[in-house]
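Asks: Provided below for reference: sequence and predicted model.
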Amino acid sequence: MGRINALLVTGGAGFIGSAVCRHLVQQGYRVINVDKLTYAADLRSLQEVEGSERYSFHQADICDGAAMARILAEEQPDAIMHLAAETHVDRSIDGPAVFVETNVIGTVTLLQAALDYWRGLDGERRDAFRFHHVSTDEVFGDLPLDQGVFTEETPYAPSSPYSASKASSDHFVRAWHETYGLPIVLSNCSNNYGPYHFPEKLIPLVVLNALEGQELPVYGQGINVRDWLYVDDHARALELVATTGKNGESYAIGGRSERNNLSVVESICDALDSKVPLPDGRSRRELIRFVTDRPGHDRRYAIDPSKIERELGWRAEQTFESGLAATIDWYLANEWWWRPIREQRYAGKRLGGAS
Ligand code: NAD
Ligand code: DAU
């Protein structure tokens, strides 16, 4: 830990944000979590840290500039890690407006509050300050199934309302750096998975459906490829980017773990079959259903993480196999977390305009 000791994390009650808060508190930082608490948030994901004197929480909307200014003035963070966003591609197809509101307008509102705050800092604190924008590899569009990787130099070509809103927010972050001199770092990461993942995304949805013997929806033919990264590996990368990343630079983060969707679903089926066989002894692979494809479905994402490995010394610790096994074990052991979400918030109905 250097001159950055206190970090304000937006979206800290979400999947990655809560992993970041847990990691940073454990590393000895002071963490200020700012979250609106949308359907995707869960304060129960923060039970490990909520009693710590180094952790505090503010329920607030990043679109509320006055609230952002007040929290920054009160808490005096050394850096901001901005994760708050609407994140589910299928929901962005059904209702894009909230994605523009939070991901674009919210980011610009937060940038302006951060700029005013940063301008009021003195000397060393002003030099050390960073606005870290946490973004996605989806801003780069998609790759052919058989060649190519995304790097920091890949041109932007988003295809969904979600990725277009994230691409837009990335551009605004760079604009606040170029125009107003705000010290920024950006990171673009591939698909995360792990504990406390809201069960609308592929891996937790399939784990829970398979556990309960329900059908497993695979979009199209299941040939689309994602590059999977265990969430705690991402949290460590984000700490490094926020605290040691070079002002104005972006970092591509990924796990070098490309898998097509069908093979991910089959791996989950096989792992659950060996841990908790279905009562009738059937293979869970029989639950797989090929369903109508996602409109505008990106074929393949793949990240070359050489820059963050070389310059910041980061390495993914989990392989896809070890990370998936840990994730499945976590869902088996933590029904208290996911059962109320499935029963009260989202039961797994198809989203994304193709139902
Ligand atoms: P998530 O959907 O699990 O959580 C998002 C959090 O943001 C929630 O707690 C929600 O309440 C909060 N939030 C939403 N709107 C808000 C608002 N207006 N004001 C304040 N808080 C608000 O998301 P996640 O999967 O943890 O993703 C976090 C960030 O990482 C996002 O910016 C996402 O684009 C990026 N990202 C995600 C992945 C991934 O695989 N999940 C990969 C790369 C990048
Ligand atoms: O690449 C990073 C992105 O990864 C993040 O920016 C997003 O916030 C995050 O949601 C994720 O986007 P994806 O669209 O790749 O994730 P999702 O889990 O929705 O889908 C993963 C793949 O699985 C995708 O090819 C669509 C497919 N799929 C998804 C669901 C929910 C299915 O085949 N069946 C399903 O039921």
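Replies: Happy to help now that I have it. Keep in mind that what you see is a predicted model, and the values were worked out from it rather than measured. Ligands and ions are numbered 1, 2, ... in the order given.

Asks: quick one, strands of the stretch 151-300 of the chain?
Replies: Secondary structure of the stretch 151-300 of the chain (DSSP state E, counting those that start in this stretch): strands at 184-189, 192-193, 216-219, 225-227, 229-230, 250-253, 258-260, 288-291.

Asks: State the mean pLDDT of the fifth one.
Replies: Okay, so that is strand 229-230. The average pLDDT for strand 229-230 rounds to 98.

Asks: and the residue nearest to residue 325 when sequence neighbours are not counted, how many neighbours?
Replies: Take residue 325 and drop its neighbours on the chain: the residue closest to it by Cβ to Cβ, 6 or more residues apart in numbering is residue 271, 6.5 Å away. (Glycine included, C-beta is placed from N, CA and C.) Residue 271 sits with 19 neighbouring residues when counted by other Cβ atoms under 10 Å.

Asks: what does residue 343 give?
Replies: Residue 343 has 9 nearby residues by other Cβ under 10 Å.

Asks: which element is it on?
Replies: Of the helices and strands defined by DSSP states H and E, residue 343 is found in helix 335-344.

Asks: Does anything pack onto that helix? Which helices or strands?
Replies: In terms of contacts (3 or more Cβ pairs under 8 Å, 6 or more residues apart in numbering; DSSP states H and E), helix 335-344 is packed against helix 202-211.

Asks: Could you pull up the mean pLDDT of the helix it packs on?
Replies: pLDDT averaged over helix 202-211 gives 98.

Asks: That one and ligand 2, any residue contact?
Replies: Yes: counting by Cβ under 6 Å from any ligand atom, ligand 2 is contacted by helix 202-211 at 202, 205.

Asks: residues contacting the residue nearest to residue 325?
Replies: Contacts for residue 271 were tallied using Cβ atoms under 8 Å, 6 or more residues apart in numbering; they are 324-325, 328.

Asks: Can you tell me how far the spatially closest residue to residue 284 that is not a sequence neighbour is from ligand 2?
Replies: With sequence-adjacent residues excluded and distances taken as Cβ to Cβ, 6+ apart, residue 284 is closest to residue 269, at 3.7 Å. Residue 269 is 14 Å from ligand 2, where distance means Cβ to the nearest ligand atom, to the nearest Å.
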